[in-house]
Structure formats: structure tokens, C-alpha cells
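1. Have a look; sequence and predicted model below, questions after that.
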Amino acid sequence: MDPINEVQLLAELDNECCGLNHGPNTDSKDFPASDYLVVPVGYVNNDGQDTAVRELVIPVCHECAQSLLQDEWTLIYCLECNSSRWVCRKLAKNAYRHHILWLGGCPDCTNKFGGLYFNDLPSFKQPAELLASHIPVQVC
């Protein structure tokens, strides 16, 4: 993301609410965004360099940003319908080892499975560094 777009996003941050699921009977307005999760989606090879086709920008609150940085939770996010679910790793049936799992379609929005992608976030010193992170998504 270029610096001009980063400044524009930060300027709009006061009006944003968290775009992630906080459980049943919650309103996103109760969770003001403190940062953005920026992930490049789709790649084109331009003369030996991979270039993101677009960037998925998700506003996140401080609590969600902290959860993404720790190893207790895994975020499951559908790229088709933008729904999300948190999985507590120690209570889950499966052994999750990634911070974010991206689904190319989920049972709620489609009956076709479009793929599974994941991110492992490096350890950030502050959640604000999430905005500057451009972590390539790996196909599983």
C-alpha cells in the first residue's frame, strides 16, 4: 500500500468499527477500530516481481489486533461473504497453527469450497504495525 493510501486510512479510522466477529448479540459499533489489517489478495507476476491485484482492508479493534498477534486464537475469515469466526486453539478439535485462515467460500455463503489460504503474523511490537505489514498469503 502506498503512503498516501495509508494516511487516508488512518484519517478515516475514527469513523470505523471493528469488521471482525465478536460473538452473538454484539454490535460492531461497540468496538471502535484502532487499526487496519491489510492483506494483499491475488498476485500477478510482473517481470519477476509479484504484485498484489488488490488489498483487503479490514478495520480491527485493539482487542482483535492483540488476539491476532498472540498464539491463543486463530481467525477464520471468508473472502466471499466477509464473515469471521475466532477459534480458541487449546479448546479446538483441530490443531490450528496459523494466526489467520482465509476461506474461499464458507458453508454460510456458498456450497463450493474455493480454497484455503493462511497467514502467520510475525511478532509485532505494537498493533499499529499491522497497517504496515504486507504479508504474502500462502496457498495450502
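-> That came through fine.
2. Make sure residue 74 is actually in contact with residue 87.
-> Yes. Contact criterion C-beta atoms under 8 Å: residue 74 and residue 87 qualify, at 4.7 Å. In short, each C-beta sits where N, CA and C put it, glycine included.
3. tell me, what's touching the two both at once?
-> Listed as contacting both residue 74 and residue 87 by C-beta atoms under 8 Å, 6 or more residues apart in numbering are residue 96.
4. More neighbours: which of the two?
-> Taking neighbours as other C-beta atoms under 10 Å, residue 74 and residue 87 compare with residue 74 leading, 21 against 15.
5. Just confirm residue 64 is within a helix.
-> Yes. Assessed with DSSP: H, G, I helix; E, B strand; the rest coil, residue 64 lies in a helix.
6. What's the local residue count around it?
-> By the criterion of other C-beta under 10 Å, residue 64 has 27 neighbours.
7. which regions of the chain sit below the pLDDT cut-off?
-> Scanning the chain for pLDDT under 70 picks out the ranges 1, 42-53, 119-140.
8. what ranges do the strands span in it?
-> With DSSP state E applied, the chain shows strands at 35-46, 49-60, 73-78, 84-88, 100-103, 116-119, 138-139, listed in chain order.
9. could you dump these to TSV with distance to residue 5?
-> Converted to TSV, these look like this (distance: least, C-beta to C-beta, whole Å):
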stretch	distance to residue 5
strand 35-46	9
strand 49-60	8
strand 73-78	21
strand 84-88	23
strand 100-103	21
strand 116-119	20
strand 138-139	24
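10. Residue 111 versus the most centrally placed residue in the chain, what's the distance?
-> Ranked by distance to the mean C-alpha position of the chain (C-alpha atoms, centre = their mean), the top residue is residue 37 at 5.2 Å. Distance of residue 37 to residue 111, given as C-beta to C-beta, to the nearest Å: 28 Å.
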